[in-house]
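**Student:** Predicted model and sequence below, questions to follow.
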Amino acid sequence: MPQAASSGVLSTLLEQRARFLNFVERRVDSPAVAEDILQIAFLRAVQQHDKLRQDESVVAWFYRILRNAVIDHYRHQAASGRMLEHWAREMEISVEPDSATRASVCECILEVLPELKPEYQQALRTVDLEEKSLKEFAEQAVISPTNAGVRVHRARQALKKQVVKACGACARHGCVDCDCAQVSRKKRGHSA
């Protein structure tokens, strides 16, 4: 499709923007999500403008792209939900490390834990330190088990970043038999 025809297609689509947005808003649960989907559809239209046939209506062609973008949104949402539910179930039955392994874990975790967001601290203290189930944590935090699984996952990721920041190479190698400066100072009786 020539450049002039391409800009004509885009002009036609932009003139109908309000109608397109209304179409998407009726099919999703959030105006922000609708806006995102519309932007994705516009991007696809620009990338695929050469697939528009000469005898085809630009608006009808774009509605197909828009419908597919909405369907893709729900497919992605469903797949994410299934993955999070699977992950939450897996966390419920995961095997806890033995006492020897626990004893060799980096003591710096307790040093950096207060640097995390309060909800992450609560998640890690409840699930990892107090060894309560994900279901118990969800009830305590008044959130769904799926959200609890996500929160614990994000808390662990945030903790990992903080430990790497505090301990450097020691943390990158698993913190087994930790000898980083913070722990060494603590063991010698100096403040961290």
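**Tutor:** Yes, it's here.

**Student:** Which pLDDT value does the model give Asp179?
**Tutor:** At Asp179 the predicted local distance difference test score is 56.

**Student:** How is the chain divided into domains?
**Tutor:** Each structural domain of the chain that the record assigns through automatic domain parsing is listed here as a residue range: 3-92, 99-187.

**Student:** Can you tell me which of the ones you listed is packed in deepest?
**Tutor:** Comparing the domains of the chain by mean neighbour count (mean count of other CB atoms under 10 Å), domain 99-187 ranks first with a mean of 16. Where C-beta positions appear, they are placed from N, C-alpha and C, glycine not excepted.

**Student:** Secondary structure element holding the closest residue to Arg156 other than its chain neighbours?
**Tutor:** Of all residues not flanking Arg156 in the chain, Leu124 sits nearest, at 7.1 Å (CB to CB, 6 or more residues apart in numbering). Leu124 is located in helix 118-124, with elements delineated by DSSP states H and E.

**Student:** Pull the residues that contact the following helix or strand past that helix.
**Tutor:** Sequence-wise, the next helix or strand beyond helix 118-124 is helix 134-141, with elements assigned using DSSP H and E. Contacts made with helix 134-141 from outside it, assessed by CB atoms under 8 Å, 6 or more residues apart in numbering, are listed as 88, 91-92, 119, 122-123, 126-127, 132, 144-145, 147-149, 151-152.

**Student:** among these, which two are most distant?
**Tutor:** Glu92 and Glu119 (20.0 Å; CB to CB).

**Student:** The protein: helices as residue ranges?
**Tutor:** Secondary structure of the chain (DSSP state H): helices at 3-15, 17-25, 31-47, 58-92, 99-104, 108-112, 118-124, 134-141, 145-167, 169-172, 181-187.

**Student:** Report the mean confidence score over the first one.
**Tutor:** For helix 3-15, mean pLDDT is 72.

**Student:** from the chain's centre, how far out does stretch 153-162 sit?
**Tutor:** Taking the mean C-alpha point of stretch 153-162 and that of its whole chain, the gap between them comes to 13 Å (CA atoms, centre = their mean, to the nearest Å).
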